[in-house]
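Novice: Quick one: sequence plus predicted model below, questions after.
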Amino acid sequence: MARIDPPSEPQSEPPSEPVGSESQARPAQVFVVSDGTGDTCANAVRAAMLQFQSPWRLRIFGGIRAGSEARRVIRRALEEGALVVFSLVEKPVASALRSEARERGVGTVDLLGPLISMVAQRLHAEPRHQPGLLHGFSDDYFRRVEAVEFAVQHDDGANTHTLFQADLVLTGLSRTSKTPLSMYLAQRGYKTGNVPLVPGVDPPRALLELDRRKVFALDIDRATLLSVRQARVRALGSSPYSRYADDEALDLEIDRARRLYRQRGWRILDVSGRAVEENASRIIELYQQSSPG
């Protein structure tokens, strides 16, 4: 029998102290139960929970392919007072989970079942009820793996001699979220490199020679960048007078970067106050509108 194998540390959204005065509220528990990785279901839960300013914790139970496993998760949810959100395509497994939940009074949300039923009615076709299709070893899967490897190898200006192989290249000042954004885009299947703009150093030729339609220049408002850099300086224990977080030096960096963006004709994306997912969606949209092929 396969075992339930949740992450060693529960995933939490947000990971900070509970919202409120004295962090006295116990975080709400949400269990995600899936016959695959659980990523798709977890992302839907995160999107929903962003609408609430309340403490909560997310725990993922992936690879659930047997009724006994599903029932075990329900018993655990009862102990911890968790809501269960599931995406199980095999009818016997989903049925076992629902039955156990009803018997024990555990709240559940079927994320895929109603949608599959409606699509089946509209298409007049019977669904396959085969788990794991989304994350199977398809061409798309291997394309994503290759993209992630590329992003790792071309992070922070590394291996510029093969930067021309990228689908997308991000550039910008330090602390403009180039790395997390490039990794997110890679997980979507886009080979993404990122090249930092360093004060007093000319941009690498490999960046300047790229098709400008591939390049996205990340911009950020001055106050946000200053705050992020000051926090970074404190975290590293550096001098508070470091030029990295100096007002005048920062103004020069921003002005120089913006002039370069305009001169090269790169598309500029303001990342101020936006989540990685939002910025990635915008980049993909703009890229697809004028893909260099």
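Specialist: Received, thanks. Nothing here was measured: the structure is a model prediction, and the numbers come from that model.

Novice: What segments of this structure are helices?
Specialist: Shown for the chain, the helices assigned by DSSP state H span residues 39-49, 67-80, 91-104, 113-123, 139-153, 178-187, 205-208, 222-236, 247-264, 276-289.

Novice: Contacts for the second one next, please.
Specialist: Surrounding helix 67-80, the residues in contact under the criterion C-beta atoms under 8 Å, 6 or more residues apart in numbering are 1-4, 29, 31, 33, 61, 64, 82-84, 86, 88, 92-97, 100-101, 104-106. Bear in mind the C-beta positions are built from the backbone N, C-alpha and C, glycine included.

Novice: Please pick the buried ones from the residues you listed.
Specialist: Burial of these was assessed by neighbour count (16 or more other C-beta atoms under 10 Å); the buried members are 4, 29, 31, 33, 61, 64, 82-84, 86, 88, 93-94, 96-97, 100-101, 106.

Novice: which residues touch L207?
Specialist: L207 is in contact with T160, L163, V169, T171, V195, V215, counting by C-beta under 8 Å, 6+ apart.

Novice: switch to 10 Å and redo it
Specialist: For L207, the set of contacting residues under the criterion of C-beta atoms under 10 Å, 6 or more residues apart in numbering consists of 157, 160, 163, 169, 171, 193, 195, 197, 214-215, 260, 264, 266.

Novice: Separate out the buried members of those.
Specialist: Buried members of the contacts of L207, scored by 16+ other C-beta under 10 Å, are G157, T160, L163, V169, T171, G193, V195, L197, K214, V215, L260, W266.

Novice: Narrow those residues to those in strands?
Specialist: Applying DSSP state E to the buried ones among the contacts of L207, the entries found in strands are V169, T171, G193, V195, V215.

Novice: Skipping its backbone neighbours, what lies nearest the last one in space?
Specialist: Using C-beta to C-beta, 6 or more residues apart in numbering and skipping the chain neighbours, the partner closest in space to V215 is W266 (4.5 Å).

Novice: Understood, closing this out.
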